[in-house]
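Novice: let's see this in three dimensions:
(5 chains, ligands or ions: 4)
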Amino acid sequence: MNTLDFDQGNTIIRTKDLSVAYGEKTAVSKISMEIERNTVTAFIGPSGCGKSTFLRSLNRMNDLIPSCRVTGSIEIDGIEINDSNVNIEGLRQLVGMVFQRANPFFKSIYENIALAPRYHGIRSKAELDEIVEQSLRKAALWDEVKDRLKESALALSGGQQQRLCIARAIAMQPSILLLDEPASALDPISTMKVEELISELKDEYTIVIVTHNLHQAARISDKTAFFLMGELIEMNETSILFTSPAQKQTEDYITGKFG
Amino acid sequence: MNTLDFDQGNTIIRTKDLSVAYGEKTAVSKISMEIERNTVTAFIGPSGCGKSTFLRSLNRMNDLIPSCRVTGSIEIDGIEINDSNVNIEGLRQLVGMVFQRANPFFKSIYENIALAPRYHGIRSKAELDEIVEQSLRKAALWDEVKDRLKESALALSGGQQQRLCIARAIAMQPSILLLDEPASALDPISTMKVEELISELKDEYTIVIVTHNLHQAARISDKTAFFLMGELIEMNETSILFTSPAQKQTEDYITGKFG
Amino acid sequence: GSNNAATPQQEQPKTDSSAPAPADSNKPAEPAANEPVTAVGSTALQPLVEQAAKDFMSKNSGTQIQVQGGGSGTGLSQVASGAASIGNSDIFAEEKDGIPAQELVDHKVAVVGMAAVANPQVGVDNLTKEQLIGIFTGKITNWKEVGGADVKVTLVNRPKSSGTRAVFHQFALDGNEEAEGITEDSSGTVRKIISETPGAIGYLALSYLNESVKALKLDGVEANKDNIVTNKYPVWAYEHMYTKGEPAGTTKAFLDYIMGDEVQGKTVVETGFIPVTEMKVERDAQGNVTQK
Amino acid sequence: MRAKTIDRIATYVLTGIAVLIIAVLVGLLGFILTNGWHKLTFDFITSPPDLLKAGGGVGPQLFNSLYLLVLTMLISLPLGLGAGIYMAEYAPNNRITQSIRLCIEVLSSLPSIVVGLFGLLVFVTMTGWGYSLMSGALALTVFNLPLLVRISEDAIRNVPKSQKEASFALGISKWRTVVTVLLPAALPGIVTGAILASGRVFGEAAALLFTAGMSSPDLIFHDFNLDSPTSPLNPFRPAETLAVHIWKVNTEGLTPDARDVADGAAAILVLAVLLFNLGARWFGTWLFKKMTSVTR
Amino acid sequence: MNRQGSDGMTMIEKNVGRQQHRLARDKSYLQSKLLKPNKKQSLENFFGKAIAMSCAALLLIAVISIIYFIASKGLSTFFVNQVSIVDFLTGLKWDPEGEPALFGAFSFILGSFLVTVLAALVAAPLGIGAAIFMNEIYPTFGKKFVKPVIELLVGIPSVVYGYVGLTVLVPFIRERFEVLGFSLLAGGLVLALMILPTITSVATDAIEAVPQDMRNAARALGATRWQTIWHVVLHGALPGCLTAIVLGMARAFGEALAVQMVIGNTSKLPESIFDPISTLTSAITLNMGNTIQGTAYNNALWSLALLLLLMSLFFIMILRILGRKKLDNR
Ligand SMILES: Nc1ncnc2c1ncn2[C@@H]1O[C@H](COP(=O)(O)OP(=O)(O)OP(=O)(O)O)[C@@H](O)[C@H]1O
Ligand SMILES: Nc1ncnc2c1ncn2[C@@H]1O[C@H](COP(=O)(O)OP(=O)(O)OP(=O)(O)O)[C@@H](O)[C@H]1O
Ligand SMILES: [Mg+2]
Ligand SMILES: [Mg+2]
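Specialist: Numbering: from 1, shown residues only, chains lettered A, B, ... in the order given. Ligands and ions are numbered 1, 2, ... in the order given. Model prediction:
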């Protein structure tokens, strides 16, 4: 179910002239980008520059916003995902997402994790238990919650909630993982664990992460894309982009941080 | 110089054996701490360790949570703030707060800022306009919103919303400013601006900031307090704490980040 | 109609609302403007009283007469407790428990006749009393048993507390208990149901009869004014307006007006009642009939 | 792709439900409006009813309905809002609050006829007002209040907690927080609720039979003396409303066109409710925009 | 650094001066702020609370007086007129003016119960389904068209519903099923139509209140729209939906005029849903105006009202317990 057709070369996501507008307001304009399989790509850029919007169009979450119009093309593994014959649920299962704000369901911790696997056909209790435990372990949350899996997820602290959301996405066993500032509410230890996890998952998944933490981007990503005012200014190997950016704006931004 | 009355010491906030529990669960246990006037104090520690809870008890925001019980003493300028004769509104006006999650009012940008000053007695339109502009400038938001002050604050991006909340707290002209991860949703440029702002405000305000970004703590704070599982493990000059922590746990935490 | 009721008041606004109204020379009692009269009770009697009140007010400007429904029970309770000046009732106060009948003064203002009414398709236009009782007590369940079409009988009753039912029960069914059936309070609804439901039978005041339903003769006697005034057709009742003690002032003037020729001769007939003044017999609360 | 199939079936079923409801509702509205359409003349809407002959109108009844609605809302809205605020923000979590809550639910389930009889005993008889608009308005208030309380409470509770926190953190007192932060945000919900409540008030008949009465004096519309029994604005005069009038002509009406009058009155009632709804909706949106600057 | 300030001081001097001033001000300012009993604020809070509380108190008084009134009247059947409670609740014969007077209200109780349950069974799935449709399936059309139409229907007076039921539904049932027409079924359907708007609007509000974040999270997990609705939206909106049903049932229970016009009002036990029935409300409305206050008959009607009250209380309780159970699962 999850296995993509691998003979298409190494590019897994390819956008071409992708623009996204909310009503009259263009949030992302004409971005063309290629993302390679099993890499970590970081999106950086100032607040409001359209990183989240771009990310959300990769699994068609923008479909849910009525005013939102997407133009241009997005191919995942050579398949245009905005085509009408694409199975959106299948797409979203393949392309997992964790949001900027933690959004656990009004359900127990266990149910939060088990929901998606159950949707996707896993019924056996033992199997679900296993998935829940594994996902929570990967998200570095297991030890903290193992004794209260039946309690409401809303009783967790902000950071715990966010890690729960990551665990929830992992439980679906996606191929691509979109992370919208997953660590902005996490403490360094959890952040470190998540960063480790991301590096670990790299062999299995393609990961795209939005972050405000340039250190984090530098530490974990293979490639970095710098956005400004809805445009993609520069995208390159992380080491190159951070050491010798091609664009003045990128340099300003990177050094500005420590100005 | 000689007119100043320095004999009361420089401590503005002093807690003694402060414990906070949510129902049965103790979130903060027996913390004694002193915070000096016109300094920046950073709280660090892993997620769920009680930083927010401690912070919230400093302006009695915990009063709002029915299950929450606060024991021990908190003195601000020698006055026990949990006493019944303390004017809570006055306290909260003196001790401004910005939350982990941006929470602008469902009102216009202008109204978001002007609400508190108006409530606290400023009626003249010109004066309010001035306060709104100054506060937004200080929060590095003025240029982005000056043309749409009458629009809803909810139309702003996450980062803009958070800066608006900072502006809103500043507009009240508090003496103490509590910031609960104010920059966790901000991009580096805004973060830098906010950090600069914090350093600037230091001569006027006493600032307490919760942050997960150890760099940030190191850059902006005079003192740093490290929390773990509801306890205060260590508090010291920031330079000392980060270079030669007295406690093993502190060291683990600080270095763990880059483990 | 009501338009002429409003016009005179508009012509002489307010000024005379405090002064006593010019009295009609025929009137033995003088209506006083500052004493509003309330007539409450029977919904069946309400149209007559309301129309009479309108005409009365337009003749005696400045007087206020409020007419309200609520049911005979409400009317009797209210007048007995002094909350209303007049209590309109379909039945004798003596017939209701809990009413101090001796404190109330009865003014019989009209007579209402009632007929057993059936769906036009039942194929019967006359019933003997035995047949009628048989039908209403549930012993006869098909119209063919009384020589009509082969349709099931559907009873349409009035509520147990209703004055109409009490009259029908007493004078048409001779006190035999009705079987359970559909129960409706209002004449309009009863008529509608009977006209639409095959095999339906019920009873209506004569004023509500029209071509959509068929009024049945009882023992060959048609329910009409001529037969009622002589009690040849026995299913009829008085409409009462009770006062607590002897009426005075506007109340008396209004009651006198209703008993006068103008109302008895016109409004009473128009509203489908029989003028009490034309009755050749009298009936008391126990049902004893005496010739006038 | 079982989930997908279920999703499609569910969509069809839900759409089917919506279509069914719309069909029934449109049929119902169409039935009422087409039946009454020919009566909707200026004369019918403005002239007083006739008791015996055909050709009467419903002018005073229409006015009474509107005026009674205004009176009821003037009384019940502040009370409902106040109690809603109390329940949402001040009520301690204890037995008394629980029992208030229970009382509200019980009250909202009271049959309106019982409220009417209660009104007859207390407002009509005990106060000595007689059958009057005021008695009617108070009876309607009794039966309207629980709905308004529930709606305001829910609307206030649904405002995110972070709004309240933000306001408290600015040193704003609780009352002012409620008034300046929570209420504006809760307004659309409250307005929706008030519309629902008004609809009920407008169409209520049973509770009014025994309180506002079943007849109306001939109103003199230029008479502004509040004491005068013929002044339209006098709150202590009896007043038959449109809904009561429908009931009356339906049940005991003697005029040959009783059916027509009822049809026409029902059509007017439906149209009035429609206009009122649209007006209130527009007003609610306008107010929300005004108070929160949020366009929705 | 050594630029001149406007009043002749250097920047440093100015800064130091400002700081001194600030510190000096701070001490007294802080303490005064903290300890000053702020009259305006506490007054405001006091009055706010007082206003809100008196509204709630008024509500309580109204409720208590009504309950007292109904209970005192309704209980006098048993304590003044000496009717046995058991006979009243289980008796099959209702003949208050007979000899001896019989007060068996079981058929009314059963009728009210049946008609309400039938109405809820029809209206709850339809109403909640419509609410889901309006929020989740086709929001633009739903909010712009369906919702206003449904809200409009709340305003249609019950007599009109009753009249439409009488002229359309009853003949339809009569011809379609060859029965009388006046029936439990007709009453249930008319009531279902009447409570549909209530259920729909309240359920809509509840569904709207579920945060968009939740839907996003579920959709991002690849849940279909229906799965999102079923597991996340309805789960979150459940208390609200139950409230909607309670409100609807309460309305159905208390409805008088419309039901009375279509159920036939026969105080016999129904054998099928095509049989005419009688309800508590119809018994009250049919007889209340014709009976004399204070008599056994009148008191018995008040007992029916009291029963009505108790029965709705019973429903409220059941649903509350249900609601609490569901909430715990969260
Ligand atoms: N639902 C929406 N409707 C209208 N405008 C929106 C919406 N979401 C975002 N925008 C606008 O689109 C622009 C890009 O927003 P986006 O959330 O993608 O920025 P971002 O780079 O993720 O910012 P941040 O770092 O603050 O999260 C912003 O100007 C924002 O105001
Ligand atoms: N309202 C509440 N009710 C019950 N428990 C709570 C509540 N708020 C916080 N807690 C618990 O109290 C503990 C401390 O929470 P707190 O929010 O103070 O942590 P924190 O250090 O701010 O964490 P983070 O960095 O994730 O924000 C946590 O275990 C949390 O689950
Ligand atoms: Mg973003
Ligand atoms: Mg925190």
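
Novice: where in chain A is pLDDT low?
Specialist: Along chain A, segments meeting pLDDT under 70 span A:1-9, A:158, A:185-188, A:256-259.

Novice: burial of E:Glu136, as a residue count?
Specialist: E:Glu136 sits with 21 neighbouring residues when counted by other C-beta atoms under 10 Å in any protein chain shown. Yep, even glycine has a C-beta here, placed from its N, CA and C like the rest.

Novice: now the strands: where do they sit in the stretch 151-259 of chain A?
Specialist: A:176-180, A:206-210, A:223-228, A:231-237 (DSSP state E, counting those that start in this stretch).

Novice: need those in CSV (columns: distance to chain E and mean neighbour count).
Specialist: Shown next, in CSV, are these (distance: least, C-beta to the nearest C-beta, whole Å; neighbours: other C-beta atoms under 10 Å in any protein chain shown):
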stretch, distance to chain E, mean neighbour count
strand A:176-180, 8, 24
strand A:206-210, 14, 25
strand A:223-228, 21, 24
strand A:231-237, 23, 18
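
Novice: of all these, which lies closest to D:Ala23?
Specialist: Ranking the strands of the stretch 151-259 of chain A by their distance to D:Ala23 (criterion: C-beta to C-beta) puts strand A:176-180 first, at 43.2 Å.

Novice: neighbours around C:Glu130, how many?
Specialist: C:Glu130 has 13 nearby residues by other C-beta under 10 Å.

Novice: show me the contacts for E:Leu257.
Specialist: Residues in contact with E:Leu257, defined by C-beta atoms under 8 Å, 6 or more residues apart in numbering or on different chains, are D:205-206, D:247, E:158-159, E:162, E:285.

Novice: can you list the strands of the stretch 151-259 of chain A in CSV and add distance to D:Tyr131?
Specialist: Shown next, in CSV, are the strands of the stretch 151-259 of chain A (distance: least, C-beta to C-beta, whole Å):
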stretch, distance to D:Tyr131
strand A:176-180, 66
strand A:206-210, 70
strand A:223-228, 73
strand A:231-237, 74
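
Novice: and the one residue sitting closest to the centre of chain D, how far from ligand 1?
Specialist: Centrality entry for chain D: nearest residue to the mean C-alpha point is D:Ser198, 1.6 Å, by C-alpha atoms, centre = their mean. To ligand 1, D:Ser198 is 34 Å away according to C-beta to the nearest ligand atom, to the nearest Å.

Novice: mind listing the strands for the stretch 1-150 of chain C?
Specialist: C:37-41, C:65-70, C:86-89, C:104-118, C:126-127.

Novice: which strand or helix spans the residue nearest to the centre of chain D?
Specialist: If you go by DSSP states H and E, D:Ser198 is part of helix D:183-203.

Novice: just checking, what packs against that helix?
Specialist: For helix D:183-203, the elements it packs on are helix D:59-85, helix D:133-158, helix D:258-292, helix E:147-154, helix E:184-208, judged by 3 or more C-beta pairs under 8 Å, 6 or more residues apart in numbering or on different chains; DSSP states H and E.

Novice: how about the ones you listed, which one is nearest chain B?
Specialist: Counting by C-beta to the nearest C-beta, chain B lies closest to helix D:258-292 out of those; the figure is 4.5 Å.

Novice: quick check: angle from that closest one to helix D:59-85?
Specialist: Counting by axes from the mean of the first three to the mean of the last three C-alpha atoms, to 10 degrees, helix D:258-292 lies at 40 degrees to helix D:59-85.

Novice: buried ones in helix D:258-292?
Specialist: Within helix D:258-292, the residues that count as buried by 16 or more other C-beta atoms under 10 Å in any protein chain shown are D:258-274, D:276-277, D:280-281, D:284, D:288, D:291-292.

Novice: still on that earlier bit, tell me which of the strands of the stretch 1-150 of chain C sits nearest to chain D.
Specialist: Ranking these by their distance to chain D (criterion: C-beta to the nearest C-beta) puts strand C:65-70 first, at 4.5 Å.

Novice: ok, the residue of chain D found nearest chain A to ligand 1 distance?
Specialist: When you check chain D against chain A by C-beta to the nearest C-beta, the closest residue turns out to be D:Ala3, at 6.2 Å. As for D:Ala3, its distance to ligand 1 is 27 Å (criterion: C-beta to the nearest ligand atom).

Novice: residues in contact with D:Val58?
Specialist: D:44-45, D:49, D:242, D:245, D:261, D:264-265, D:268.
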